[in-house]
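Colleague: for reference, the sequence and a predicted model appear below.
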Amino acid sequence: MKKGKTMMKKGKNIQEIIYNNEEIAKTFLQKLDSIEESIYGIKDGFFRMQNEHIQEIKNNNNNLLSLFSQINKLAEQLNLISKENKNLYDNINELNNSIIHALVEGKKYVEIEYNNLKSDIYGFKESLEKHENYMKEKELTLTQTGNELINELTNSFHMMESDIRNTVEYVDNTQKYIVKKIEKISDCFFSVSRTVKENNWANVFNNTITDSKWFSSISLSPGRWGAGYAFLYLLFKALEFSKPQSILELGLGETTKIILQYMQGKTGAFHHVIEQDQEWGKEFLKNNFVNNSVIKILEAKNIVSYDNTETSQYEGFSREVGQHKYDLICVDGPKAIPTQKYSRVDIALLIPSILSEDFVILFDDVNRTGERNTIEIINKILRENNIKYNSAIYRGDKDTYIIASEKYKFLASV
């Protein structure tokens, strides 16, 4: 038992040695566990069998002796392990000393390098501060110079802007002045041109009516509100060559005087005049002989009709003339309203139903937009109804448009 306790004590000491180096003692601990288990088994068996079989005790003693022999061997191995541990410890101490030495030397190197770096940083900082102060001075100088330059450029720009604005204004005013002058010159030119053309048509008209068998009176006042010489010339030619038996005239005036002379002695001929001004109609009848001509006064009113637009038209015009067919139609009424898209559109709304097979249409004032738009309507209607015709514009103080059927196409080139 005493030996057993001694073994246990040694076992504890061995275990403490083994724990000092876990990797080397791992195998030894496994064997020690095995031995401890055997010892506990022997101890238990010894107390059970000590009174039964002495021989078994002897065998156990032999086993103990064998175990002691194994323990001795283990002790020898532990000694070897202890020596190896000592060498390992010495190596670790040597390595530790080397590391400490290296750390000390490294610390010294780092301190030296740190001090050098610190010195460099302070030098760089000082240099940077000097450079920063220099740059601030330069910036201040540049800012002052820049501000002065900007102010100078701004002042120069404002002066240039003012000069440019004045120049542009001057050019614009000059341009407007020139445009107005050109417009005046153009208007003057067109006025002179139209006057020259009108004088020419006056000469042509006067020469044409010379020695006329049916037109003897020369009491005419062309121009202004009345028809111009170009219209009168075309009317005379149309009466002379087409010899119409039915005539529709829109607008009472100088053309009526010519047609009234033409109608004298014309048996069966019919002349229908539409006028909007009742006072003018009365005044005209006082000074002119009307034989087989009918003058009808129809008030002109604004009516929404063609193209859904408002136009000035004779009230009841369709009822008055829609049942007749005319060889010659003269359009110089009603009075045009410049703001309306179409002028004197009444006649267009009754074409082609009121046209004879052979016809002539004379349309005054086609130099104006409203009349030109109405002429386009008439031409479109004639084309849509496959009615062949010829047309032409005669320019004088005012423009006159003629539309003639194929039989009287020569009237578009007289």
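Modeller: Yes, it's here.

Colleague: tell me where the chain has strands.
Modeller: 246-250, 270-275, 293-297, 300-304, 310-314, 326-331, 355-364, 389-395, 399-405 (DSSP state E).

Colleague: which other helices and strands contact the first one?
Modeller: Read that as strand 246-250. helix 254-263, strand 270-275, strand 326-331 (3 or more CB pairs under 8 Å, 6 or more residues apart in numbering; DSSP states H and E). No exception for glycine: its C-beta is placed from N, CA and C like everyone else's.

Colleague: pick the most buried one from these.
Modeller: Of all the helices and strands packed on strand 246-250, strand 326-331 has the most neighbours on average by mean count of other CB atoms under 10 Å, namely a mean of 25.

Colleague: and the longest helix seen in the chain with strand 399-405, angle?
Modeller: The residue-count maximum for a helix in the chain (DSSP state H) belongs to helix 54-209. Between the axes of helix 54-209 and strand 399-405, defined by axes from the mean of the first three to the mean of the last three CA atoms, to 10 degrees, the angle is 90 degrees.

Colleague: how far does helix 54-209 sit from its chain's centre?
Modeller: 37 Å (CA atoms, centre = their mean, to the nearest Å).

Colleague: what do you get for stretch 291-303?
Modeller: That offset, for stretch 291-303, works out to 56 Å (CA atoms, centre = their mean).

Colleague: which residues are contacting it?
Modeller: Residues outside stretch 291-303 that contact it (CB atoms under 8 Å, 6 or more residues apart in numbering): 252, 256, 259-260, 263-264, 266, 269-278, 281, 284-285, 310-317, 320, 333-335, 337.

Colleague: make it 7 Å
Modeller: Residues outside stretch 291-303 that contact it (CB atoms under 7 Å, 6 or more residues apart in numbering): 252, 260, 263-264, 269-276, 278, 281, 285, 310-317, 320, 334-335.

Colleague: domain parsing for this protein?
Modeller: With domains defined by automatic domain parsing, the chain comprises 2-110, 216-413.

Colleague: for the record, mean pLDDT for the shortest one?
Modeller: For domain 2-110, the mean per-residue pLDDT is 73.

Colleague: quick revisit: redo the helices and strands packed on strand 246-250 as CSV? Include mean pLDDT and distance to Ile121.
Modeller: Shown next, in CSV, are the helices and strands packed on strand 246-250 (pLDDT from 0 to 100; distance: least, CB to CB, whole Å):
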stretch, mean pLDDT, distance to Ile121
helix 254-263, 92, 113
strand 270-275, 94, 112
strand 326-331, 97, 106
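
Colleague: ok so, going back, packing partners of the longest helix of the chain?
Modeller: Judged by 3 or more CB pairs under 7 Å, 6 or more residues apart in numbering; DSSP states H and E, helix 54-209 is in contact with helix 2-20, helix 22-49, helix 229-242.

Colleague: end to end on stretch 324-341, go ahead and measure it.
Modeller: Taking CA to CA, to the nearest Å, stretch 324-341 runs 28 Å from one end to the other.

Colleague: neighbours around Asn62, how many?
Modeller: For Asn62, the neighbour count with other CB atoms under 10 Å is 10.

Colleague: reformat the helices and strands packed on strand 246-250 as a markdown table; add distance to Thr208.
Modeller: Formatted as a markdown table, those follow (distance: least, CB to CB, whole Å):
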| stretch | distance to Thr208 |
| --- | --- |
| helix 254-263 | 12 |
| strand 270-275 | 21 |
| strand 326-331 | 17 |
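
Colleague: quick one: closest of these to Lys197.
Modeller: Of all those, it is helix 254-263 that lies closest to Lys197, at 17.9 Å by CB to CB.

Colleague: angle of the closest one against strand 293-297?
Modeller: Using the same axes, to 10 degrees: helix 254-263 against strand 293-297 is 150 degrees.

Colleague: helices and strands around helix 254-263, which ones?
Modeller: Using 3+ CB pairs under 7 Å, 6+ apart, helix 254-263 sits against helix 229-242, strand 246-250, strand 270-275.

Colleague: burial of Ser127, as a residue count?
Modeller: For Ser127, using other CB under 10 Å, the count is 10.

Colleague: for Asp358, same thing?
Modeller: Using other CB under 10 Å, Asp358 has 13 neighbouring residues.

Colleague: shouldn't it be in contact with Ala404?
Modeller: No. Contact criterion CB atoms under 7 Å: Asp358 and Ala404 do not qualify, at 8.8 Å.

Colleague: gap between Tyr314 and Leu328?
Modeller: The spacing between Tyr314 and Leu328, counted by CB to CB, to the nearest Å, is 18 Å.
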